[in-house]
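*Asks:* Based on what follows, work out the 3D shape:
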Amino acid sequence: KKMLVETVSKGKIVFITSHNLYEIESLCTSFGIIINGEFKGKWLIKDLKNMSLEEFYLKVKENLL
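*Replies:* Here you go, the predicted model:
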């Protein structure tokens, strides 16, 4: 985590792929969702408002967003 934070603080972009949504929510400023090989979109963590990333993912999966 420390290396990722240091790299980003130097203005570099880091791509992370993970099923651990809590980690992504705590490390990233933006995220994209891919479901069954289809890119669904890119959002900012701050756009989640009062939802967890998991709740947001489920809404995207169910085409509610």
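
*Asks:* which of the residues in the lowest-mean-pLDDT helix or strand in the chain are buried?
*Replies:* Evaluated with mean pLDDT, DSSP states H and E, the helix-and-strand set of the chain has its lowest mean pLDDT in helix 21-27, which scores a mean of 85. Across helix 21-27, burial judged by 16 or more other C-beta atoms under 10 Å covers I24, L27. Using the backbone N, CA and C atoms, a C-beta is placed for each residue, glycine as well.

*Asks:* All the strands of the chain, in order from the start?
*Replies:* For the chain, applying DSSP state E gives strands covering 30-35, 38-44.

*Asks:* Identify the neighbouring strands of the shortest one in the sheet and state each direction.
*Replies:* Going back to what we said before, that points to strand 30-35. Neighbouring strands of strand 30-35 in its sheet, by DSSP bridges, are strand 38-44 (antiparallel).

*Asks:* Can you give the distance of the strand it pairs with from its chain's centre?
*Replies:* A distance of 9 Å separates the centroid of the chain from that of strand 38-44, by C-alpha atoms, centre = their mean, to the nearest Å.

*Asks:* tell me the residue furthest from the middle of the protein?
*Replies:* Relative to the centre of the chain, and counting by C-alpha atoms, centre = their mean, the farthest-placed residue is K10 at 20.1 Å.

*Asks:* Now do the contacts for that one.
*Replies:* When contacts are counted by C-beta atoms under 8 Å, 6 or more residues apart in numbering, K10 is found next to no other residue.

*Asks:* Against K42, how distant is it?
*Replies:* Distance of K10 to K42, computed by C-beta to C-beta, to the nearest Å: 22 Å.

*Asks:* before we move on, back to that, contacts for the least confident helix or strand of the chain, please.
*Replies:* Counting by C-beta under 8 Å, 6+ apart, helix 21-27 makes contact with K1, L4, V5, I16, S18, F31, I45, L48, S52, L53, E54, Y57, all of which sit outside it.

*Asks:* Now the buried members of the residues you listed.
*Replies:* With neighbours counted by 16+ other C-beta under 10 Å, those contain buried members at F31, L53, Y57.
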